[in-house]
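Undergrad: sharing a model that was predicted from the sequence below.
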Amino acid sequence: MPAKEFFDELERDVEPDKIRDVDNSYLFEIAGEGRWLVEVRRGTLTVTEGWEGEADATISASSEVFERIVAGTQNPMTAYMTGKLKVSGDVGAALKLQSLF
C-alpha cells in the first residue's frame, strides 16, 4: 500500500481503545512520497499531509520499506536495526507505534 493511501485511511481505521493513553506526535518521512504528521492525543488521531514542523519522533524510510512494514512482511524493529528505518527524537514514543497499528 502506498504511503498516501495508508495515511489517508489511518484516521478512519485506528482503534480508539489502542490510542486512549497515548499523547505523542509522529512525523513520517517516506522517501519519494512525502511527509505526514500523525498526532495521537488521548483517543484521537489526526493526520496532516506535507507537515514541515517538528514532532516528538520522526520516522524515515524508503517507500519500499514502508510498504513492506504496512503489509506485514518487514519487521519494523529489524528494519530499524539494519538502518532501513531511521528514528530521531523520542525513540520511546516511536516504540509505542508497534502496539497502536
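TA: Okay, I see it.

Undergrad: and residue 75, how many neighbours?
TA: When counting by other C-beta atoms under 10 Å, one arrives at 14 neighbours for residue 75. Where you see a C-beta, it was placed from the backbone N, CA and C, and this is true even at glycine.

Undergrad: for it, phi and psi?
TA: phi -70, psi 130 (degrees, to the nearest 10).

Undergrad: what pLDDT does it get?
TA: Per-residue pLDDT puts residue 75 at 94.

Undergrad: repeat that for the one 10 residues further on.
TA: At residue 85 the predicted local confidence, pLDDT, stands at 97.

Undergrad: any idea what it is bridged to?
TA: Applying DSSP bridges to residue 85 gives these bridge partners: residue 61.

Undergrad: how about the contacts made by it?
TA: Shown in contact with residue 85 (C-beta atoms under 8 Å, 6 or more residues apart in numbering): 59-61, 65, 69, 76, 79.

Undergrad: need the residues that contact the helix or strand of the chain with the lowest mean pLDDT.
TA: When each helix and strand of the chain is scored by mean pLDDT, DSSP states H and E, helix 97-100 comes last, with a mean of 77. The contact list for helix 97-100 (C-beta under 8 Å, 6+ apart) reads 14, 18-19, 22, 26, 40, 59, 76-77.

Undergrad: can you tell me which of those are in strands?
TA: With strands taken from DSSP state E, the overlap with the contacts of helix 97-100 comprises 26, 40, 59.

Undergrad: could I get those as a markdown table with neighbour count and pLDDT?
TA: Listed next are these as a markdown table, based on neighbours: other C-beta atoms under 10 Å; pLDDT from 0 to 100:
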| residue | neighbour count | pLDDT |
| --- | --- | --- |
| 26 | 23 | 97 |
| 40 | 23 | 95 |
| 59 | 23 | 97 |
